[in-house]
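Colleague: Fold the following and give me the result.
(one chain, ligands or ions: 3)
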Amino acid sequence: MKISLEEMAQKISVANSFIITVHVNPDGDALGSALGLKFILEGMGKEAKVVIDDKWDKNFSILSGIESVINLQENPEEKFKADYVILLDASIDRCGKVIENCPDMKVLNIDHHVSNDDKADFLYLDADAPATAEIIYRLAKVLKVEFNTEIAVNLYTGMATDTGFFRYSNTKPYTMIAAAEMMEAGAKPNKISEALEVKSYETIKGLAAAMQTIEISENGKVAGVYLPYEIVKDLDTTEGFIDQVRIIEGVDVAVLMKEKEPNLCRVSMRSKETNVSAIAQSLGGGGHIRAAGATIELPLDEAKKKLLEVINEALV
Ligand code: AMP
Ligand code: MN
Ligand code: MN
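Modeller: Residues are numbered from 1 along each chain as shown. Ligands and ions are numbered 1, 2, ... in the order given. The predicted model follows:
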């Protein structure tokens with residue numbers, strides 16, 4: 001059921017303990033929103049634990065509080081008890097088993113994905129917000145919380161990562177005002193971007209191998225790297241690879257397809273014009289108009305063929 005941000009703030013302010021969770025394969029916005037909110041709640045004298053059903057990239061060690069995050073996969077049977085589960089940056093179907101392991105708890109969901117399925121008990125959705133972290137910033141204002149460095153580092157990271165460091169079309173004047181306030185509260189943009197961008201020598205070699213697979217299709221409007229399992233199994237991360245594809249001149253839709261396991265492909269898309277969220281939703285995934293993803297249960301060649309068919313129909 002959809003509620004306003006004020007109603008969400010009201011529910012939070014009268015409760016005492018929270019489990020905060022986010023989508024699997026957590027990105028900067030998921031982790032930054034979760035940890036930012038944890039510090040906001042703790043500042044209000046409440047208890048909050050972040051639990052994620054996945055591991056995260058070591059580049060996120062810059063985030064205050066990251067060492068306190070519980071990876072459910074390390075102890076899959078662990079059950080949690082609190083007044084509410086707060087699910088950020090995703091719908092219920094993308095958070096793995098965390099909600100199952102929080103028996104009888106109501107779910108408060110805060111998100112900015114147009115594709116949110118509204119299945120949580122209470123949902124505040126703002127599909128125009130560039131990042132969930134920007135919504136958490138607004139929530140902190142409603143809750144009249146003062147920002148400190150811990151909150152600032154996390155919310156800045158969330159806003160920065162989902163806006164491509166304030167370059168994508170989702171960036172608003174308000175986002176920059178919020179980010180500036182996070183800087184005033186102690187976030188250091190240079191330190192954060194250095195920490196997030198650093199890559200190992202092996203990963204850069206992996207990037208070179210990945211770029212060898214690049215293919216242009218649909219008259220140059222689509223460019224993709226399609227990585228077979230043999231390449232994927234040796235990569236630590238593919239974070240940022242798609243950014244090399246999306247800058248090719250004339251390309252509207254950029255694709256990164258990874259065969260994560262034989263017969264299971266994970267696809268990421270970025271676009272300049274075409275609605276890639278609609279494409280991702282037709283493949284069982286979701287996302288935003290210009291950044292979306294899905295998982296396709298097919299071998300790489302077949303998944304690629306299916307994806308290109310759907311993209312071809314959707315191209316503007
Ligand atoms: P990614 O390509 O993984 O960076 O994802 C791009 C955007 O689409 C992010 O906002 C994701 O949260 C969203 N997204 C990716 N995969 C899915 C999915 N299977 N379902 C819903 N949203 C997704
Ligand atoms: Mn996310
Ligand atoms: Mn997000």
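Colleague: dump the residue contacts of the residue of the stretch 151-300 of the chain at minimum distance from ligand 3.
Modeller: Closest residue of the stretch 151-300 of the chain to ligand 3, C-beta to the ion: residue 162 (4.5 Å). For glycine as for every other residue, the C-beta is placed from the backbone atoms N, C-alpha and C. By C-beta atoms under 8 Å, 6 or more residues apart in numbering, the contact set of residue 162 is 27, 28, 29, 130, 131, 132, 133, 170.
Colleague: Now the chain against ligand 3: closest residue?
Modeller: Closest contact between the chain and ligand 3, by C-beta to the ion, is at residue 29 (3.4 Å).
Colleague: Tell me how far that residue lies from ligand 1.
Modeller: 7 Å (C-beta to the nearest ligand atom, to the nearest Å).
Colleague: Kindly report the same for residue 165.
Modeller: Distance from residue 165 to ligand 1, by C-beta to the nearest ligand atom: 15 Å.
Colleague: what do you get for residue 183?
Modeller: Residue 183 sits 24 Å away from ligand 1, going by C-beta to the nearest ligand atom.
Colleague: what are the phi and psi angles of the residue of the stretch 151-300 of the chain at minimum distance from ligand 2?
Modeller: Across the stretch 151-300 of the chain, no residue is closer to ligand 2 than residue 162, which sits at 6.8 Å (C-beta to the ion). Main-chain torsions, residue 162, degrees, to the nearest 10: phi -80, psi -10.
Colleague: just to revisit the earlier point, hmm, the residue of the chain closest to ligand 3 is touching residue 131, no?
Modeller: Yes. Here residue 29 reaches residue 131: they are 4.7 Å apart, a contact under C-beta atoms under 8 Å.
Colleague: any common contacting residues for these two?
Modeller: Both residue 29 and residue 131 are contacted by 158, 159, 161, 162, under the criterion C-beta under 8 Å, 6+ apart.
Colleague: Of these - the most surrounded one?
Modeller: Compared across these, residue 158 has the highest neighbour count, 34 neighbours, by other C-beta atoms under 10 Å.
Colleague: per-residue confidence for the closest residue to that one other than its chain neighbours?
Modeller: Nearest residue to residue 158, sequence neighbours excluded (C-beta to C-beta, 6 or more residues apart in numbering): residue 133, at 2.4 Å. Residue 133 is assigned a pLDDT of 99 by the prediction.
Colleague: Report all helices and strands that the helix or strand hosting residue 133 contacts.
Modeller: According to DSSP states H and E, residue 133 maps onto helix 132-142. If you count contacts as 3 or more C-beta pairs under 8 Å, 6 or more residues apart in numbering; DSSP states H and E, helix 132-142 packs onto helix 5-14, helix 28-43, strand 106-111, helix 149-162, helix 173-184.
Colleague: Is my assumption valid that residue 194 occupies a position in a strand?
Modeller: No. Residue 194 is assigned helix when assessed by DSSP: H, G, I helix; E, B strand; the rest coil, not a strand.
Colleague: Could you tell me the model confidence score at it?
Modeller: For residue 194, the model assigns a pLDDT of 97.
Colleague: ok, which stretches of this protein are strands?
Modeller: 17-22, 47-52, 70-71, 84-88, 106-111, 122-125, 215-217, 222-227, 253-261, 264-271, 286-287, 291-296 (DSSP state E).
Colleague: How many residues are close by the closest residue to residue 97 other than its chain neighbours?
Modeller: Of all residues not flanking residue 97 in the chain, residue 53 sits nearest, at 5.3 Å (C-beta to C-beta, 6+ apart). With neighbours defined by other C-beta under 10 Å, the count for residue 53 comes to 22.
Colleague: Could I get the contacting residues of residue 53?
Modeller: Counting by C-beta under 8 Å, 6+ apart, residue 53 has contacts 21, 24, 71, 72, 73, 95, 96, 97, 98.
Colleague: Let me see the contact set for residue 64.
Modeller: By C-beta under 8 Å, 6+ apart, the residues touching residue 64 are 35, 39, 149, 150, 153, 154.
Colleague: 7 Å - rerun?
Modeller: 35, 149, 150, 153, 154 (C-beta atoms under 7 Å, 6 or more residues apart in numbering).
Colleague: do you know how far residue 197 is from residue 293?
Modeller: Look at residue 197 and residue 293: by C-beta to C-beta, to the nearest Å, they are 21 Å apart.
Colleague: next one: residue 70
Modeller: Look at residue 70 and residue 293: by C-beta to C-beta, they are 25 Å apart.
Colleague: Sounds good, over and out.
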